[in-house]
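# Sequence and predicted structure, then a few things I'm wondering about:
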Amino acid sequence: VTPALLNELKGKFLRVTTRFKRPRQPQTWNRYLSSLSCVLETCVREWQWMEVNPARRVRREREAPGRIRFLSDEERETLLEACRQSPSPNLYPLVVLALSTGMRRGEIKFLTWDQVDLAKGVIILTNTKNKEPRRVPVRNLALALLKEHAKVRRIDTNFVFPGDRTDRTGQPFSLDTFWYRALRKTSLQNFRFHDLRHSTASYLAMNGASLLEIAEVLGHKTLHMVK
């Protein structure tokens with residue numbers, strides 16, 4: 001493994017599109033290279049298979065600035081109405097929960113009832129992106145929808161939002177299918193599910209929350225990420 005080989009692979013990587021036929025982004029390569037560098041550093045320091053880490057001599061790509069995209073009041077109402085009309089009973093409460101709490105897609109998709117305390121209005125997340133438990137308050141409409149959702153809880157699965165197909169017991173909700181279907185009914189442009197999380201942060205900031213408070217709600221480790 002040499003810097004020349006890694007640079008050759010970088011060129012190939014960036015020329016290939018994703019499975020959604022989109023160009024690969026420089027930051028994706030940087031994340032892959034960082035993961036590979038961690039493995040190679042172990043080869044150098046602990047196993048002594050190599051003298052130097054070749055990934056350290058490969059230039060990182062310049063990353064695009066972070067997205068600034070959140071829902072206006074009108075866009076939010078339009079999206080929620082489309083979700084409310086979804087044939088799946090999961091989509092509307094799921095999207096409201098995402099908007100209200102800023103929880104990540106995977107945190108909501110794989111949420112189980114043992115993590116939810118409806119009496120106290122709180123969700124305890126243990127399997128988070130940064131590996132640290134997080135206490136998420138749930139209030140108002142989101143809490144009311146969760147309580148209503150709990151009344152028709154499936155007994156064959158512990159997922160809060162289980163898959164709609166009964167022949168696939170134990171599978172989480174197929175979010176993409178119903179999310180994109182609802183999104184097509186709106187006029188929203190350049191909007192992704194993760195932008196619901198951006199919207200939560202923006203709403204908190206516009207209502208006077210400090211950066212530390214926003215970081216605690218979203219589970220960010222650094223204020224740079226919050227900004």
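Perfect, I can see it now.
# any idea how far the residue of the chain most remote from its centre lies from C43?
Computed with CA atoms, centre = their mean, the maximum C-alpha offset from the centroid of the chain is found at E51, amounting to 38.0 Å. Distance of E51 to C43, computed by CB to CB, to the nearest Å: 10 Å. C-betas here are computed from N, CA, C, even on glycine.
# Check R59 too.
Here R59 is placed at a distance of 21 Å from C43 (CB to CB).
# for K109, same thing?
35 Å.
# Of the two, which one has the most company?
In terms of neighbours (other CB atoms under 10 Å), K109 is the more surrounded of K109 and C43; the figures are 18 against 14.
# so the more buried one makes contact with D176?
No. Under the contact definition of CB atoms under 8 Å, K109 does not touch D176, with a separation of 10.0 Å.
# Can you tell me the closest non-neighbouring residue to N140?
When the adjacent residues along the chain are set aside, N140 lies closest to S100, with 7.2 Å between them (CB to CB, 6 or more residues apart in numbering).
# Now do the same contact list for the one you found.
The contact partners of S100, by CB atoms under 8 Å, 6 or more residues apart in numbering, come to V138, R139, N140, L141, A142, T200.
# Against which helices or strands is whichever helix in the chain runs longest packed?
Secondary structure assigned by DSSP state H gives helix 26-45 as the longest helix of the chain. Here helix 26-45 is seen to pack against helix 3-15 when contacts are counted using 3 or more CB pairs under 8 Å, 6 or more residues apart in numbering; DSSP states H and E.
# and the direction of the helix it packs on versus that of helix 26-45, what angle?
Between the axes of helix 3-15 and helix 26-45, defined by axes from the mean of the first three to the mean of the last three CA atoms, to 10 degrees, the angle is 150 degrees.
# buried stuff in helix 3-15?
Residues of helix 3-15 classed as buried by neighbour count (16 or more other CB atoms under 10 Å): L6, L9, K10.
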